[in-house]
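Here is my input; please provide its structure:
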Amino acid sequence: MNRILSMAAAALVLVSCGGNAQRKTTQTTPQETAAADMHCAANSLDYRGTYRGTLPAADCPGIETTLTLEEDGSYLLHMEYLERATSFDERGTYAVEGNLLTLTPDDGENPGYYKVEERLLRHLDADRQPITGALADHYVLRKEQ
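Okay, the predicted model is just below:
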């Protein structure tokens, strides 16, 4: 009788620990994967608004920059060179694809690129790559409250 109880207890322990039961694997479809990868600035971040920062410059202490992204898809970029009596305004339209913000000036000049992050824009080079080097952290515009 003790032997039967011992065997029953051992069987119960094996069953409760999973024993040799096959584990169910889940596979995701391409549609489910695409839905999971849709997290981007265009649909999840509140990127519209005004951003400010001082970008590095070669011939002055910096460029005080203000970029306003309007609800209608237009932007205004104001750049003021520090310690110089020089400023520029640029108007145009913008588009956000994934986390890439593209500024297209009305005057036909080359577009500008920024990476949209939480409450900031990171200036990118003409190849749409982050600026590298010692001053890389200074190529950021922060969103105003």
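
Flag the shaky bits of the protein, pLDDT-wise.
Applying pLDDT under 70 to the chain picks out residues 1-45.

Residue 80 contacts residue 63, correct?
Yes - between residue 80 and residue 63 there is a contact under Cβ atoms under 8 Å: 6.9 Å. To be clear about C-beta, it is placed using only N, CA and C from the backbone, and glycine gets the same treatment.

what touches both of those two?
Shared contacts of residue 80 and residue 63 (Cβ atoms under 8 Å, 6 or more residues apart in numbering): none.

Show me what counts as buried in stretch 50-65.
Neighbour counts using 16 or more other Cβ atoms under 10 Å place 50, 51, 53, 55, 56, 62, 63, 65 of stretch 50-65 among the buried residues.

Next: stretch 72-82.
For stretch 72-82, a neighbour-count test (16+ other Cβ under 10 Å) marks 75, 77, 79, 80, 81 as buried.

a strand runs through the second one, doesn't it?
Yes - if the criterion is DSSP: H, G, I helix; E, B strand; the rest coil, then residue 77 is within a strand.

Would you mind measuring from residue 70 to residue 105?
15 Å (Cβ to Cβ, to the nearest Å).

quick revisit: okay, the buried residues of stretch 50-65 in JSON lines with secondary structure and distance to residue 143 next?
Shown next, in JSON lines, are those (DSSP: H, G, I helix; E, B strand; the rest coil; distance: Cβ to Cβ, whole Å):
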{"residue": "50", "secondary structure": "strand", "distance to residue 143": "7"}
{"residue": "51", "secondary structure": "strand", "distance to residue 143": "5"}
{"residue": "53", "secondary structure": "strand", "distance to residue 143": "10"}
{"residue": "55", "secondary structure": "strand", "distance to residue 143": "16"}
{"residue": "56", "secondary structure": "coil", "distance to residue 143": "20"}
{"residue": "62", "secondary structure": "coil", "distance to residue 143": "19"}
{"residue": "63", "secondary structure": "strand", "distance to residue 143": "18"}
{"residue": "65", "secondary structure": "strand", "distance to residue 143": "13"}
